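Engineer: Sequence first, then the predicted structure:
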Amino acid sequence: AHGGVDNSSEGAGKVQTLFGRLHGRKADSRSILMTSWQPLYDLDEGRLQALPEIHHAAFLREDDAAVEHEVLTTWRACQPDLAFIHLDAVDQAGHNGAFDPSDPGYAAAVRATDSRIRRLWENAFASPSAQGAMPQRMVVFASDHGGTGNGHGRYSEAERWAPLLVIPPSGYPAVNIRNLVDIGQAA
């Protein structure tokens with residue numbers, strides 16, 4: 001097992017990251033991690049420093065708007081083989097108000113994040129490379145956790161449920177995931 005059970009798990013990281021797996025299979029791979037959440041950035045700095053900087057870059061930005069801006073200014077030049085883009089506004093709104101769509105701040109954060117994802121899709125993920133080629137790219141959207149009130153960390157369905165959307169490259173069969181327990185290394 002990976003050793004992580006929550007945000008503060010000591011000794012987590014007993015398995016190789018997706019970034020490390022990619023680099024191990026394709027030494028000239030390019031990858032990026034973009035986030036505004038310091039603990040996620042710190043995790044990257046501690047675990048991915050062995051990857052050559054030219055091939056992997058991590059960006060810590062102040063908020064989701066700055067993360068979006070970084071993606072839109074970096075994507076075409078980088079054309080990453082693997083990208084992890086973390087948007088945190090919905091989680092922040094849940095902690096500041098409630099993890100509830102009837103909470104005005106939470107609902108506004110969901111709408112803003114939906115619009116941000118649409119712009120990222122249109123201007124980065126589904127866009128041609130700088131050379132004009134349409135890359136064959138799988139895009140995975142995974143939400144964070146839910147919550148009860150303005151907290152989380154227990155084992156209720158509302159706290160553990162995390163939707164996942166997988167968009168395969170054009171011409172590939174649809175991905176059918178019924179239960180997501182663990183994503184293991186492909187053979």
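Structural biologist: Thanks, I have it.
Engineer: What helices and strands are in contact with the longest helix anywhere in the chain?
Structural biologist: In the chain, assigned by DSSP state H, the helix with the most residues is helix 104-120. On a contact count with 3 or more C-beta pairs under 8 Å, 6 or more residues apart in numbering; DSSP states H and E, helix 104-120 meets helix 64-78, helix 89-96. Just so you know, the C-beta spots here come from the backbone N, C-alpha and C atoms, and that holds for glycine as well.
Engineer: which of these sits most buried?
Structural biologist: Mean neighbour count, computed with mean count of other C-beta atoms under 10 Å, is highest for helix 89-96 among the helices and strands packed on helix 104-120, reaching a mean of 19.
Engineer: could you say what helices and strands that one packs with?
Structural biologist: Where contact means 3+ C-beta pairs under 8 Å, 6+ apart, helix 89-96 is packed against helix 104-120.
Engineer: What is the burial count for residue 157?
Structural biologist: 8 (other C-beta atoms under 10 Å).
Engineer: For residue 42, give its distance to residue 141.
Structural biologist: Distance from residue 42 to residue 141, counting by C-beta to C-beta, to the nearest Å: 24 Å.
Engineer: same deal with residue 29?
Structural biologist: From residue 29 to residue 141 the distance is 22 Å (C-beta to C-beta).
Engineer: With residue 81 instead?
Structural biologist: Remark: distance between residue 81 and residue 141 (C-beta to C-beta) = 18 Å.
Engineer: So between the two, which is more surrounded?
Structural biologist: residue 81 (18 against 14).
Engineer: Identify the residues contacting the longest helix of the chain?
Structural biologist: Applying C-beta atoms under 8 Å, 6 or more residues apart in numbering, the contact partners of helix 104-120 are 64-65, 68, 71-72, 85, 87, 89-90, 92-94, 96-101, 141.
Engineer: pLDDT weak spots in this structure?
Structural biologist: Counting by pLDDT under 70, the chain contains low-confidence residues at 1-15, 44-54, 175-187.
Engineer: Tell me which stretches of this protein form strands.
Structural biologist: 31-35, 56-60, 82-85, 139-142, 164-167 (DSSP state E).
Engineer: just these: most buried one?
Structural biologist: strand 31-35 (a mean of 23).
Engineer: now the angle from that strand to helix 64-78?
Structural biologist: Computed by axes from the mean of the first three to the mean of the last three C-alpha atoms, to 10 degrees, the angle separating strand 31-35 from helix 64-78 equals 170 degrees.
Engineer: Tell me which other helices or strands strand 31-35 touches.
Structural biologist: Under the contact definition 3+ C-beta pairs under 8 Å, 6+ apart, strand 31-35 sits against helix 18-25, helix 38-47, strand 56-60, helix 64-78, strand 82-85.
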